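Colleague: Just need the structure, nothing else, for what follows:
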Amino acid sequence: MQDILQNPWRGAGLALDAPDPASDARAVAELLALCPAHAVTPLREVTELAERAGVARVFVKDERARMGLGSFKALGAAYAIAREAAQQVVGNDWARALQGRIYVTASAGNHGLSVAAGARLFGAQAVIYLAETVPEAFAARLEAKGAQVVRVGATYEESMAAAEEAARAPGRTLLSDSSWPGYSELPLRVMEGYLQLAAEAAGQIDAPPTHILLQAGVGGLAAAVAAHARAVWGDAPQIVVVEPAAAPALIESIRAGRLVTTQGPVSAMGRLDCKTPSLIALEGLSRDADRFVTISEEEAAPAVALLTEAGLATTPSGGAGIAALLAGLACGPDARVMAIISEGPEAA
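Modeller: Numbering: from 1, shown residues only. Modelled structure (predicted):
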């Protein structure tokens, strides 16, 4: 690992102008029960990873087939859009509940798929801004879901700025998976959707984990899972947040005691390559996470190979939590580790 930081704000959290992440998954479960594409994803025990890491047990929440979209992100924006549709639907005409609405966002791929799928389901349109570094395979998948794709900038931050500007036009709604001062309501709902994953895992594991490893880009997934874990298991699990060394947005913000924007090269962990954290996520993780660590590009690659051998093919982003474990994260021989395989392998 490149950097390790014990969280000095653990328990109290930073005093940021942001809401706390939600921790109760019941509202999410109620809406998802209406969705024919919804199915619980598996929690798998992987003995070969436990042996390689020198710990007692390793469990991975396998999000690679979530709702047919290939990642945990299917739970986020689609849930936020479904909440708005539930407020507008007339009778049972869900397919036209949001007709005329246009949702605009920036994405490294998976969030955009969730926006596109949710918009299409309820009669809205989606416009997704992508940086030039996002693989063309993701753009093709977005277009197949009916979204308009716009390429802007070399980084996620540049595409986000373009999306924010475009969303100022009449009839358009910005639906980001990040948050900042003055913009929190919809991102809070996106993060709330991720609680379904956390609630499923808590019900599937046979005893509380000692360690929970959570990869982070802007931090929405990590903050949602951490909030639910604290609600269910209290202070017992050690929660570790894992970022690319090229995009250490959360660890540097925790170190500084405020939200900071970081600099770095493009990372192969593309869905985690976010240089500025979500304000809501930073608020939650400053309270709930125990440690923040970064991993190098060279440390991410072997984890992908080992996960593939174990029948869990993914990307460097999807396997980053396991990469930290295999890179020497101190857990101890009796550790029961839980991690998330957050997405499937990239299409050719």
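Colleague: quick one, domains of this structure?
Modeller: 3-71+194-341, 77-176 (automatic domain parsing).
Colleague: what's the first-to-last distance across the longest one?
Modeller: When you say that, I think you mean domain 3-71+194-341. 22 Å (C-alpha to C-alpha, to the nearest Å).
Colleague: tell me how far that domain is from the chain's mean position?
Modeller: Here the centre of domain 3-71+194-341 is set off from its chain's centre by 8 Å, with C-alpha atoms, centre = their mean, to the nearest Å.
Colleague: My guess is residue 181 contacts residue 17. True?
Modeller: Yes - at 5.8 Å, residue 181 counts as touching residue 17 under the criterion of C-beta atoms under 8 Å. All C-beta atoms are positioned from the backbone trio N, CA, C, and that covers glycine.
Colleague: tell me, what's touching these two both at once?
Modeller: By C-beta atoms under 8 Å, 6 or more residues apart in numbering, residue 181 and residue 17 have these common neighbours: residue 279.
Colleague: Wasn't residue 239 part of a strand?
Modeller: Yes - assignment of residue 239 by DSSP: H, G, I helix; E, B strand; the rest coil places it within a strand.
Colleague: got any ranges where this protein has weak pLDDT?
Modeller: Counting by pLDDT under 70, the chain contains low-confidence ranges at 109, 347-348.
Colleague: what's the neighbour count on residue 249?
Modeller: 27 (other C-beta atoms under 10 Å).
Colleague: residue contacts, it?
Modeller: 218-219, 243, 260-262, 274-277.
Colleague: Leaving out chain neighbours, which residue sits closest to it?
Modeller: Spatial nearest neighbour of residue 249, chain neighbours left out: residue 277 (4.4 Å); criterion: C-beta to C-beta, 6 or more residues apart in numbering.
Colleague: Hmm, residue 259 and that neighbour touching each other?
Modeller: Yes - Residue 277 lies in contact with residue 259 (C-beta under 8 Å); the separation is 6.4 Å.
Colleague: Please say which of the two ends up with more neighbours.
Modeller: Counted by other C-beta under 10 Å, residue 277 and residue 259 do not tie: residue 277 has more neighbours, with 33 against 21.
Colleague: Is the more buried one in a helix, a strand, or coil?
Modeller: Classified using three-state DSSP, residue 277 is coil.
Colleague: Tell me how far it lies from residue 256.
Modeller: Noted for residue 277: a distance of 11 Å to residue 256, by C-beta to C-beta, to the nearest Å.
Colleague: got it, and residue 298?
Modeller: On the measure of C-beta to C-beta, residue 298 and residue 256 end up 27 Å apart.
Colleague: go on, residue 191?
Modeller: 22 Å.
Colleague: between these two, which one's more packed in?
Modeller: residue 191 (32 against 10).
Colleague: can you list contacts of the host helix or strand of the more buried one?
Modeller: According to DSSP states H and E, residue 191 maps onto helix 185-193. Helix 185-193 is contacted by residues 19, 21-22, 27-28, 75-80, 83, 111, 173-179, 220-221, 223-224, 278, 280-281 when judged by C-beta under 8 Å, 6+ apart.
Colleague: So for this protein, the centremost residue is which one?
Modeller: residue 221 (3.5 Å; C-alpha atoms, centre = their mean).
Colleague: all strands in the stretch 1-150 of the chain, in order from the N-terminus.
Modeller: Using DSSP state E, counting those that start in this stretch, the strands of the stretch 1-150 of the chain run over 3-6, 43-45, 57-62, 102-107, 125-130, 148-151.
Colleague: ok, and which of those has the densest surroundings?
Modeller: The highest mean neighbour count among the strands of the stretch 1-150 of the chain, using mean count of other C-beta atoms under 10 Å, belongs to strand 102-107: a mean of 27.
Colleague: who does that strand touch, helix- and strand-wise?
Modeller: helix 77-88, helix 110-121, strand 125-130, helix 156-166, strand 172-174 (3 or more C-beta pairs under 8 Å, 6 or more residues apart in numbering; DSSP states H and E).
Colleague: rerun that using 6 Å as the cut-off
Modeller: Secondary-structure packing of strand 102-107 (3 or more C-beta pairs under 6 Å, 6 or more residues apart in numbering; DSSP states H and E): helix 110-121, strand 125-130, helix 156-166, strand 172-174.
Colleague: next one: stretch 84-99 to chain centre, how far?
Modeller: Per C-alpha atoms, centre = their mean, the displacement of stretch 84-99 from the mean C-alpha position of its chain is 27 Å.
Colleague: Check the separation of the first and last residues in it.
Modeller: End-to-end for stretch 84-99, by C-alpha to C-alpha: 12 Å.
Colleague: Residues contacting that stretch, please?
Modeller: Outside stretch 84-99, the residues within contact range by C-beta atoms under 6 Å, 6 or more residues apart in numbering are 122-124.
Colleague: closest to residue 105 among the residues you listed?
Modeller: Within the contacts of stretch 84-99, proximity to residue 105 (C-beta to C-beta) peaks at residue 124, which comes in at 12.2 Å.
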